[in-house]
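Asks: with the input below, show me the fold.
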Amino acid sequence: MEQETLLQAPAEARIVELDDAGGSVSFRHGDIAIVGEEGVIQRIPIIEIAGMVARRPGMSWSGSALAALSERGAGIVVCDANYGSRMLSWPMSGRRWPSRIRAQMALDGPFGRYLLRCLAKARDDQREMVVAAMGRANALKALRKSGKLTVGASRVSRNRKRDDIEDKIRRQYWSWLAGRSFRRNPSKADGNAVINFARTMLRIEATRAVHKAALHPSIGLGGTQRKGGLVDDLMLPYLPVADLAAALLIATGQHRMDETARVAITRLFTAPLRGQRGLMQIRTGLEELAKSLAHCFETGEARLDINLPVIQDPSAIYDRMFGGGDNA
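Replies: Residues are numbered from 1 along each chain as shown. Here you go, the predicted structure:
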């Protein structure tokens, strides 16, 4: 099959949010036009769009706009009223996608689960760093130590114990990040909407990375039990820093989504952060990780390129979200 050519957007391309009721999206003369009740609201060159987040209940899309966005590899995430992800579009244009997807579909089950454990381990390490940076050093270690498995425990007992520890971490996690009184409830419109938006932005960046790596978003590493497929798998190592960004906004009184929160969270993904190998961006980190996964599928070698931010001072992340700071 002849390979298609993907016209990549530049690295600085942005995620466009559609947040008002009604309207339509069309494409003409190289621009995406966003139209409201009073006419054209905005025209954006297609080359500047990395993805779109839609929360408009009555939004309509022209076929030419969808085709143009697909050609650029720009995914679309449709959200509910509280910024929770509800639908994900996947562009089909791209280089090498038939051969890589065949390799992805042929992935050996144990090997796929091993790769998933590597991503989960990176998430756990990053989560521990984030919790420590928020003043709860060793809190996660203490919880895990309390659930230490006994020698000779059965596989069922081990899985049950592991699930119990994860439940305890989930219950404590947001009180450590956003304060003792905060409760995580995705359907609430308080600070939870800020968290939902940060995770939705991470999801569309992960979708973009999966597409650039010519992989399929629905074929995950852990089998059919994971609803989000490869996109959710790819998000795992970077979830803690997205959560931290939302928690920092909540801690400074940002309990609802507005333009300030949108700009700050969106900037997080392209801001230069201090990483494990020098300065890095979350966007490029996701792209490198997706490419390394593709290499794993094609070669059978477990060589994941996971480059994560080094989180020591939360204020450095906060400064980056607002366009300041020398390093994070």
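
Asks: now A132. Nearest residue, chain neighbours left out?
Replies: Leaving aside its sequence neighbours, A132 sits nearest to N138 (CB to CB, 6 or more residues apart in numbering; 7.3 Å). C-beta coordinates here come from the backbone N, C-alpha and C atoms, glycine included.

Asks: these two touch, right, that neighbour and M129?
Replies: No. N138 is not in contact with M129 according to CB atoms under 8 Å; the separation is 11.7 Å.

Asks: looking at those two now, which is surrounded by more residues?
Replies: M129 (20 against 11; other CB atoms under 10 Å).

Asks: point out where the chain drops to low pLDDT.
Replies: 1-12, 20-22, 92-97, 144-159, 161, 223-227, 325-328 (pLDDT under 70).

Asks: can you give the domain ranges for it?
Replies: 14-88, 99-321 (automatic domain parsing).

Asks: who's in contact with the strand or helix carrying E128?
Replies: Per DSSP states H and E, E128 falls inside helix 109-133. Outside helix 109-133, the residues that touch it by CB atoms under 8 Å, 6 or more residues apart in numbering are 137-141, 173, 176-177, 220-223, 233-234, 236-241, 243-244, 293, 296, 300, 302, 304, 306, 308-314.

Asks: restricted to helices, list the residues you listed.
Replies: Of the contacts of helix 109-133, the ones assigned to helices by DSSP state H are 139-141, 173, 176-177, 233-234, 239-241, 243-244, 293, 296, 314.

Asks: so which of these wins on neighbours?
Replies: Within the ones in helices among the contacts of helix 109-133, L234 tops the neighbour count with 28 neighbours, counted by other CB under 10 Å.

Asks: which residue packs closest to it, ignoring adjacent ones?
Replies: Leaving aside its sequence neighbours, L234 sits nearest to A206 (CB to CB, 6+ apart; 4.5 Å).

Asks: so what's that neighbour up against?
Replies: So A206 contacts V231, D232, L234, M235, Y238, L286, A290 (CB under 8 Å, 6+ apart).

Asks: go again with 6 Å.
Replies: Counting by CB atoms under 6 Å, 6 or more residues apart in numbering, A206 makes contact with V231, L234, M235, L286.

Asks: in which helix or strand would I find it?
Replies: helix 191-212.

Asks: any idea how far the spatially closest residue to R55 that is not a sequence neighbour is from V53?
Replies: Leaving aside its sequence neighbours, R55 sits nearest to C79 (CB to CB, 6+ apart; 4.6 Å). Distance of C79 to V53, given as CB to CB, to the nearest Å: 6 Å.

Asks: what of R180?
Replies: Counting by CB to CB - R180 and V53 are separated by 31 Å.

Asks: okay, these two: which has more neighbours?
Replies: V53 (23 against 9).

Asks: helix, strand, or coil at the residue lying closest to that one once chain neighbours are set aside?
Replies: Distances taken as CB to CB, 6+ apart place E17 nearest to V53, at 4.7 Å, with adjacent residues excluded. Secondary structure, DSSP: H, G, I helix; E, B strand; the rest coil: E17 is strand.

Asks: ok, P217 next?
Replies: P217 ends up coil, using three-state DSSP.

Asks: my guess is it contacts G229, does it?
Replies: Yes. The pair P217 / G229 is scored as a contact, 5.3 Å apart, by CB atoms under 6 Å.

Asks: where exactly do the strands run in the protein?
Replies: Assigned by DSSP state E, the chain shows strands spanning 14-18, 24-28, 31-36, 39-45, 49-54, 60-61, 75-79, 85-88, 273-275, 278-280.

Asks: quick one, the fifth one and strand 75-79 angle?
Replies: Read it as strand 49-54. Relative orientation of strand 49-54 and strand 75-79, computed by axes from the mean of the first three to the mean of the last three CA atoms, to 10 degrees: 20 degrees.

Asks: pull the contacting residues for R43.
Replies: Neighbouring residues of R43 by CB under 6 Å, 6+ apart: D31, A33.

Asks: any idea how far I32 is from it?
Replies: Taken as CB to CB, the span from R43 to I32 is 7 Å.

Asks: over to A294?
Replies: From A294 to I32 the distance is 29 Å (CB to CB).
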